[in-house]
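S.K.: One predicted model, sequence on top.
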Amino acid sequence: MCGIVAYIGTREAYPILIKGLQRLEYRGYDSAGVALLNGDLNVYKKAGKVVDLEAYVGAQDTHATMGIGHTRWATHGVPNDCNAHPHLSYSGNLALIHNGIIENYESLKTELQRRGYLFQSDTDTEVLVNLIEEIKKQEGVELEDAVRIALNEVVGAYAIVVMEKGKEDKLIAARKGSPLVIGIGENEFFVASDASPIIEFTKNVVYLEDQEYAVINRDGHFTLKTLGNVETTPSIQKLEMNLEAIEKGGFDHFMLKEIYEQPRAVADALRGRMSASGGWIKLGGVVEYEKRILNADRLLIAACGTSWHSGLLAEYLIEDVARMSVEVEYASEFRYRNPVVDHEDVMIAISQSGETADTLAAIELAKERGALIYGICNVIGSSIARVSHAGSYTHAGPEIGVASTKAFSTQVAILTLMALQIGEAKGTIPTSRLREILFELENIPAKIEETLKLNDQILEIAKTYKDATNFLYLGRGVNFPVALEGALKLKEISYIHAEGYPAAEMKHGPIALIDENMPVVILATNRSAYEKIVSNVQEVKARKGKVIAIVNKGDRQIKGLADHVIEVPETEDILAPLVTIVPLQLLSYHIAILRGCNVDQPRNLAKSVTVE
Ligand code: M6R
C-alpha cells in the first residue's frame, strides 16, 4: 500500500525522503514522488520505482530543508506520472500526500469543478488538496483549520501530510483509518506511515490517534488535536525496533532472510509464554479474559491471506485440543453478510501488519455486536492491536518481504499455545499429553533450523519445475492449510497458477487436471492419515503427475512412489505445519528467483492492504 515520508528540520530533506521511500518500498507501490519547499514548491514524481524517480530528478535543484514523499499503490486512476503523489492544488500553493481512499470524492470534485477548479489527475487525492485550498480562501482560515474542516467533510480513510508555499515553518499531518507516526529529533521532525523511514534518525515517536491531526513546527514543537478541534496530550514512545531488523543482513532478499529467521522468530513467540519442564502455558490475554473465552459459545476467527491460513489451522488445533467450536471467516466476506454475532462470541483477529482494512472492518462489526476481540498481530501499536480488548503479539520482528513467511509460523506458534492453554483450562487435554506436546514445541525452532538445511535440494527441485504453468498442493488435516499457504506463496511471487486442496478432495474435481505436466506437492507427514496419503500419491502417479512429497525423515513407502521426496524432521502431528511450511516457502522463493521475479515486491501486491 501507499507509503508516506515527510521531513522538516535543518538537514537537506531530499536524501532523507529518498531513503525513506526506499525503506517503504516493501509496502508495494507503482509510482513515487517528492515535493520540496524552499521558496518555490517543486514536485517531482514518476511512475515506476524510487530509482526511476531519482533518475528523473537527476541534477535538478533539490535544496530544501522540508519536504514530503510518497509511494503510491494505485486505487483511483492508473499508475502514471500524473496520478503519482504529491498532488498540488490548483493554484500550486499546497502540496499533499495521501494514503487511503476518499469515498465521496466524486461529489466533492463536481462541486469544485463548478467553482472553476481544473483537475490534472484521476485521483481522489487531488480533490482533497483542492478542497483544502477552497476552504482556505475564506478570510482568516489558516492551513491547519482548512485541513480540519476539509477532513470533516470527507468520507473515507486517510493519512495525509500537507505543506504550503510561503509557510516554511510547518507541516500538517492527519489520520483516520491509516496509520501515521511522527519521529521527534533535535529540532527536526519526521512523519511516516510506519517507523521504517524514521528508525535511523530517532527512537522517539508519537503514533497519531485515529481522527487526530498534528501541526508540526520547524521551531521544534508540535501540537496534536482531534478533528473536533480539541487539543490532546502526545504520548511519546520509544521505538523498540533497530535498523538491522529492517535491512537484509547479507541475504539477497528480505523474503529469504525472513524464512531463515523463523527458528529465532518462533522461539521469540514462545519465550516466556510456556515451559515444558514447568508444564505451564501463559498467554497474558487468555489469562485476563479466561472466563469469557472459556464460556464463549464459539470462537470466530477473522483474517485475510496468509493470516487466514493460520486461522484455518487454528480451527483444527482448537477443536482438537480444546473441544471448542471454531468458525474461520474471510474478514472481507464477514462484514458484508450480516453474520450472526453476539456478546457470547469471542473473535480472534489475526494480522501481521495489524492494519488490514478488511480485518479492521470485521472487528468493528463484531465489537458493535458485543463480541470480545482477541488480536494476534506482529506490528506493535498497530490499529488492530489497539482496537482489540486483549491479544498477543507474535514478536516475529519487522516483516519486509511482501510474501508472509515468519508471520505465518509465529502466528501458528501463538495459536498453538492458545489451543493448548484453553484445552488445559477446560480439562480437555490430559496433563501428560500436554507436557509431551510442550516438550516437542520447545524443539520446534531446532527442527525448523534443520529443515532449512534442505535448501540446496529444494533449489534443484525448483530448477526442474520453474517453467511449470500450474501446481497443485495437497494436504490433510493440519497440513491442508499448509497446502493453501504453499500455493499462495508460489502464486504471489512467481505468478504460476497454484491451488491448494485437501488431499482427499482431489478426486472430486482437480484430478482432471493431472497429467505429465502437473507438479503436485503433497504434504505427507501426518502419521494419523498416512495410508490415505499414500493412496493420494498413487492416484497422482497413476495419471503421470509429478509428485514432490514432503515426508518425515526416514520415510520409505512414499520415497518409492514420488518423483522427489523432501525429508523433514518428524514431530507431533499437530505441530507439523511449523516444519512442513518451510520447504514450501523455499520452493516458491527459488522458483520465483529462477523465473526472474521480484520476490520482495511482487507485481500488484501491497504488504499491508489498508483499503477494503
Ligand atoms: O497484515 P495481514 O496479516 O493482515 O495481511 C493479510 C494479507 O494481506 C497477507 O497475508 C497477504 O496475503 C500476504 N501477501 C501473504 O503473503
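M.R.: Thanks, I have it.

S.K.: Provide a list of residues in contact with the residue in the stretch 301-450 of the chain positioned nearest to the ligand.
M.R.: Closest to the ligand within the stretch 301-450 of the chain is Gly305: 2.0 Å, counting by CB to the nearest ligand atom. In this view, the C-beta of every residue, glycine as well, is placed from N, C-alpha and C. Gly305 makes contacts with 404, 488, as judged by CB atoms under 8 Å, 6 or more residues apart in numbering.

S.K.: before we move on, what about Ile496?
M.R.: 468-471, 490, 591, 595.

S.K.: Tell me which entries of the residues you listed lie within helices.
M.R.: 490, 591 (DSSP state H).

S.K.: what subset of the contacts of Ile496 is also close to the ligand?
M.R.: On the criterion CB under 6 Å from any ligand atom, none of the entries of these sits beside the ligand.

S.K.: can the contacts of Ile496 go into JSON lines with extra columns for pLDDT?
M.R.: Formatted as JSON lines, these follow (pLDDT from 0 to 100):
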{"residue": "Ala468", "pLDDT": "97"}
{"residue": "Thr469", "pLDDT": "97"}
{"residue": "Asn470", "pLDDT": "97"}
{"residue": "Phe471", "pLDDT": "98"}
{"residue": "Leu490", "pLDDT": "98"}
{"residue": "Ile591", "pLDDT": "98"}
{"residue": "Arg595", "pLDDT": "97"}
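
S.K.: ok, of the contacts of Ile496, which one's closest to the ligand?
M.R.: Using CB to the nearest ligand atom, the contacts of Ile496 come closest to the ligand at Leu490, 10.8 Å.

S.K.: so that closest one touches Ser588, yeah?
M.R.: Yes: proximity of Leu490 to Ser588 meets the contact threshold set by CB atoms under 8 Å, at 4.3 Å.

S.K.: So these two - more neighbours on which side?
M.R.: A direct count of neighbours by other CB atoms under 10 Å for Leu490 and Ser588 places Ser588 higher, at 32 against 29.

S.K.: per-residue pLDDT, the more buried one?
M.R.: Looking at Ser588, its pLDDT stands at 98.

S.K.: helices or strands up against the one helix or strand it maps to?
M.R.: Here Ser588 sits within helix 577-594, counting by DSSP states H and E. Applying 3 or more CB pairs under 8 Å, 6 or more residues apart in numbering; DSSP states H and E, one finds that helix 577-594 makes contact with helix 254-260, helix 406-426, helix 431-452, helix 455-465, helix 479-494, strand 519-523, strand 546-552, strand 564-568.

S.K.: what element comes up after the first one heading to the C-terminus?
M.R.: Next in sequence after helix 254-260, counting helices and strands by DSSP H and E, comes helix 262-270.

S.K.: could I get that next one in CSV with only the CA atoms?
M.R.: This file holds the C-alpha atoms of helix 262-270, laid out as CSV (Å, rounded to 0.1, in the frame of the first residue of the first chain):
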residue,chain,number,x,y,z
GLN,A,262,12.0,-18.5,11.6
PRO,A,263,13.9,-20.5,14.2
ARG,A,264,14.6,-17.3,16.1
ALA,A,265,11.1,-15.8,15.5
VAL,A,266,9.2,-18.9,16.7
ALA,A,267,11.5,-19.1,19.7
ASP,A,268,10.7,-15.4,20.5
ALA,A,269,7.0,-16.1,20.0
LEU,A,270,7.1,-18.9,22.6
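
S.K.: circling back: quick check: which of the helices and strands packed on helix 577-594 is buried the most?
M.R.: strand 519-523 (a mean of 28; mean count of other CB atoms under 10 Å).

S.K.: Can you name every helix or strand that whatever helix or strand comes next after that one contacts?
M.R.: Reading on from strand 519-523 to the C-terminus, the next helix or strand found by DSSP H and E is helix 530-542. Identification of packing neighbours for helix 530-542 by 3+ CB pairs under 8 Å, 6+ apart yields strand 519-523, strand 546-552.

S.K.: that older thread, and the contacts of Ile496, which of them are buried?
M.R.: Buried subset of the contacts of Ile496 (neighbour count, 16 or more other CB atoms under 10 Å): 468, 471, 490, 591.

S.K.: any idea how far the ligand is from the closest residue in space to the second one that isn't next to it in sequence?
M.R.: Yep, that's Phe471 we're talking about. Leaving out its chain neighbours, the residue that sits closest to Phe471 by CB to CB, 6 or more residues apart in numbering is Ala498, at 4.0 Å. Per CB to the nearest ligand atom, to the nearest Å, Ala498 is found 13 Å from the ligand.

S.K.: pLDDT score assigned to the residue lying farthest from the centre of the chain?
M.R.: Distance to the chain centre peaks in the chain at Glu139, reaching 44.0 Å (criterion: CA atoms, centre = their mean). Confidence at Glu139, expressed as pLDDT, is 86.

S.K.: OK, contacts around the residue nearest to Tyr465 when sequence neighbours are not counted?
M.R.: Nearest non-adjacent residue to Tyr465, counting by CB to CB, 6+ apart: Pro519, 4.8 Å away. Pro519 sits next to 465, 468, 470-472, 545-546, 548 when contact means CB under 8 Å, 6+ apart.

S.K.: And for Ser382?
M.R.: With CB under 8 Å, 6+ apart, Ser382 has these contacts: 179, 351, 353-355.

S.K.: Farthest pair within those residues?
M.R.: Farthest pair in the contacts of Ser382 (CB to CB) is Pro179 and Ser351. Separation: 12.6 Å.

S.K.: Could I have the CA atoms of stretch 525-534 written out in PDB?
M.R.: The C-alpha trace of stretch 525-534 is given here as PDB (Å, rounded to 0.1, in the frame of the first residue of the first chain):
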ATOM      1  CA  THR A 525       3.900 -36.200   7.300                       C
ATOM      2  CA  ASN A 526       0.600 -36.900   9.100                       C
ATOM      3  CA  ARG A 527       1.000 -40.200  11.000                       C
ATOM      4  CA  SER A 528      -2.700 -40.400  11.600                       C
ATOM      5  CA  ALA A 529      -3.700 -40.500   7.900                       C
ATOM      6  CA  TYR A 530      -0.600 -41.800   6.400                       C
ATOM      7  CA  GLU A 531      -2.100 -44.700   4.400                       C
ATOM      8  CA  LYS A 532      -4.700 -42.400   2.900                       C
ATOM      9  CA  ILE A 533      -2.000 -40.000   1.800                       C
ATOM     10  CA  VAL A 534       0.000 -42.900   0.200                       C
END
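
S.K.: can you give me the mean pLDDT across it?
M.R.: In this model, stretch 525-534 carries a mean pLDDT of 90.

S.K.: I'd like the distance between the residue of the stretch 451-600 of the chain found nearest the ligand and Cys304.
M.R.: Nearest to the ligand in the stretch 451-600 of the chain, going by CB to the nearest ligand atom, is Glu492, at a distance of 5.6 Å. Counting by CB to CB, to the nearest Å, the gap from Glu492 to Cys304 is 13 Å.
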